[in-house]
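Colleague: next one to model:
(one chain, ligands or ions: 1)
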Amino acid sequence: MRAEGLTVVGGEVLDEGLQVPDHRAVVSLRRMNAVLDINLGRKTVRVQAGAKLSEIDRRLGAHGLGLPIVGDHRDITAGGFASVGGVSSASHRHGLFIDQVVDLEYVDPDGRIGTCGRDHHTERFHRILGAGGRAGIITALTLDTVEIDKDHTWLTTDAHRFLDFDSFVEHAQSEISRPGNAALQVGRWVDTQPLKVARPVGTGHVQLGTVRFGQWSSLYPTAPTRSLKARRDVGTRARKGLGAIASHASGRAGMPVRNAAAGALMFAPKVLTLRDAEYLADTVISSSERGPAYRVGIFAPMSTYSSVFYRLHDLFSGHRERTGCFTVISAMTYGVRSDYLRAEAGARNLPHEDHGLITFTCRLRPSALPSELLRDIMSSIDDICASERALRYESAQ
Ligand SMILES: Cc1cc2nc3c(=O)[nH]c(=O)nc-3n(C[C@H](O)[C@H](O)[C@H](O)COP(=O)(O)OP(=O)(O)OC[C@H]3O[C@@H](n4cnc5c(N)ncnc54)[C@H](O)[C@@H]3O)c2cc1C
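Modeller: So this is what the prediction gives:
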């Protein structure tokens, strides 16, 4: 929440490298982290807002329950996730995290404590969820859970690789529209700028060419053999090692290692448990995504999904070509079937459709991205959303 000089954070007071220069006070919910009640009959869990999703899920696991939507980062709190919306590669089945919120307790900007939920004060409930803390501080939530054993639910990856963007987008659209019984799904596209290396002798650069490739992964339930389980163990150890090395590899020299860690995500193991799959990115990518980047997430209705994808891609690669402001451009996408999002779209007279989430991450050269250019890019994104009837995902990620 950012009002009257107040900043609220879900977990740690400050992330590494982040400053809160203009705010007089920071409210941290780090110590309000209790799992208050697990209701086995209703299959719900009551938590304080600072409880980490990974910890709630671990506690639920002992009762054969789990959270259907968790972020791919272990430190995200229930209050923080509810304040942005919360998506995951299970969103094609379960929607957003806020679709799972039954009710919540909050403190409003005037300091009043209140409660709201699906069945009472619904307007306020809708206003606080996904509001980024602007409508009040969430202090406790009741969440729906599902019956699942995440450590013994095995998934097998059906992966398709693409060297051209058109085929990648076409495949993603078809998988999002018809996911079958996939438990998880995700598409990733990576497009580097032409790689340049300094000539050993003389001036100038040698251009090595552009790397552009994509992968779509659908993960289906399976019963793994003993040898596949063993392969999974080796793969898990290798990715953890790569992630640990990448987190210490800084600067230009560390770039190849960080890129290798990011690449490991594209080549996810053939079999893994649901829990491993949910935190796959946390093992390797958070450490490898260091450095300045511009990120944007858009919920595109399925009728305009491919058009939104192309227009965002052209926007970022066009600016990269003209100004050199971006280096590596990557995109991630999956389906989102959310009651909350459909209601939100309905309230804005937008179509009542399922959505595909498209997020772009553009590594940037700050010196080549003056604030006027950034403003131009943001306003072009708003134009794309307005004309394609898409919604922005205001995640703080
Ligand atoms: C490495 C990484 C991975 C991520 N992965 C995902 C992902 O897979 N899916 C996804 O949807 N998002 C993802 N995110 C974004 C993340 O969900 C949001 O940043 C979320 O708000 C983080 O929650 P937090 O508990 O860390 O909150 P903080 O980072 O502390 O706060 C983030 C925002 O939430 C507000 N806030 C926090 N707690 C409360 C509260 N109790 N009441 C009201 N407002 C509050 C803060 O004011 C701030 O605006 C990721 C972020 C990171 C850094």
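Colleague: in the stretch 151-300 of the chain, which spans are strands?
Modeller: 154-162, 184-191, 195-198, 205-209, 212-222, 271-273, 293-301 (DSSP state E, counting those that start in this stretch).
Colleague: what angle separates the fifth one from strand 184-191?
Modeller: What that stands for is strand 212-222. Between strand 212-222 and strand 184-191, the angle comes out at 170 degrees (axes from the mean of the first three to the mean of the last three CA atoms, to 10 degrees).
Colleague: in terms of helices and strands, where is residue 116?
Modeller: Element membership of residue 116 [criterion: DSSP states H and E] is strand 113-117.
Colleague: low-confidence stretches in the stretch 51-200 of the chain?
Modeller: 194-200 (pLDDT under 70).
Colleague: who in it is up against the ligand?
Modeller: 71-73, 76-77, 79-81, 83-84, 86-88, 132-133, 137-138 (CB under 6 Å from any ligand atom). C-beta: built from backbone N, CA, C; applies to glycine.
Colleague: returning to that earlier point: quick check: buried residues in the strand holding residue 116?
Modeller: Within strand 113-117, the residues that count as buried by 16 or more other CB atoms under 10 Å are 116, 117.
Colleague: tell me what it is packed against?
Modeller: The contact analysis (3 or more CB pairs under 8 Å, 6 or more residues apart in numbering; DSSP states H and E) places strand 113-117 against strand 101-107, helix 122-128.
Colleague: can you list the strands that it pairs with?
Modeller: Sheet pairing of strand 113-117 (DSSP bridges) gives strand 101-107 (antiparallel).
Colleague: picking up where we left off before, ok, which of the strands of the stretch 151-300 of the chain comes nearest residue 116?
Modeller: strand 293-301 (23.5 Å; CB to CB).
Colleague: what mean pLDDT does the closest one get?
Modeller: For strand 293-301, the mean per-residue pLDDT is 95.
Colleague: quick one on the thing from earlier: please pick the buried ones from the residues of the stretch 51-200 of the chain next to the ligand.
Modeller: Judged by 16+ other CB under 10 Å, buried ones among these: 71-73, 76-77, 79-81, 83-84, 86-88, 133, 137-138.
Colleague: now, the residues you listed that are in helices?
Modeller: 79, 80, 81, 83, 84 (DSSP state H).
Colleague: ok, now which ones touch residue 43?
Modeller: If you count contacts by CB atoms under 8 Å, 6 or more residues apart in numbering, residue 43 has them with 65, 144, 145, 146, 147.
Colleague: and those residues as JSON lines, adding neighbour count and secondary structure?
Modeller: Shown next, in JSON lines, are those (neighbours: other CB atoms under 10 Å; DSSP: H, G, I helix; E, B strand; the rest coil):
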{"residue": "65", "neighbour count": "23", "secondary structure": "strand"}
{"residue": "144", "neighbour count": "18", "secondary structure": "strand"}
{"residue": "145", "neighbour count": "22", "secondary structure": "coil"}
{"residue": "146", "neighbour count": "16", "secondary structure": "strand"}
{"residue": "147", "neighbour count": "10", "secondary structure": "strand"}
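Colleague: next up, the contacts around residue 305.
Modeller: Residue 305 touches 173, 176, 355, 356, 358, counting by CB under 8 Å, 6+ apart.
Colleague: is it correct that it falls within a strand?
Modeller: No. Counting by DSSP: H, G, I helix; E, B strand; the rest coil, residue 305 falls outside a strand, being helix.
Colleague: follow-up on the earlier one: check the contacts of residue 305 and tell me the two furthest apart.
Modeller: Between all members of the contacts of residue 305, the farthest pair (by CB to CB) comes out as 173 and 355, at 11.9 Å.
Colleague: re the thing from before, tell me which of the helices and strands packed on strand 113-117 sits most buried.
Modeller: strand 101-107 (a mean of 20; mean count of other CB atoms under 10 Å).
Colleague: output that strand as PDB, restricted to C-alpha atoms.
Modeller: This file holds the C-alpha atoms of strand 101-107, laid out as PDB (Å, rounded to 0.1, in the frame of the first residue of the first chain):
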ATOM      1  CA  VAL A 101      -9.800 -16.500  -1.900                       C
ATOM      2  CA  VAL A 102     -13.100 -17.100   0.000                       C
ATOM      3  CA  ASP A 103     -12.900 -14.100   2.300                       C
ATOM      4  CA  LEU A 104     -10.400 -11.700   3.800                       C
ATOM      5  CA  GLU A 105      -9.700  -9.400   6.700                       C
ATOM      6  CA  TYR A 106      -8.100  -6.000   5.900                       C
ATOM      7  CA  VAL A 107      -7.200  -2.600   7.400                       C
END
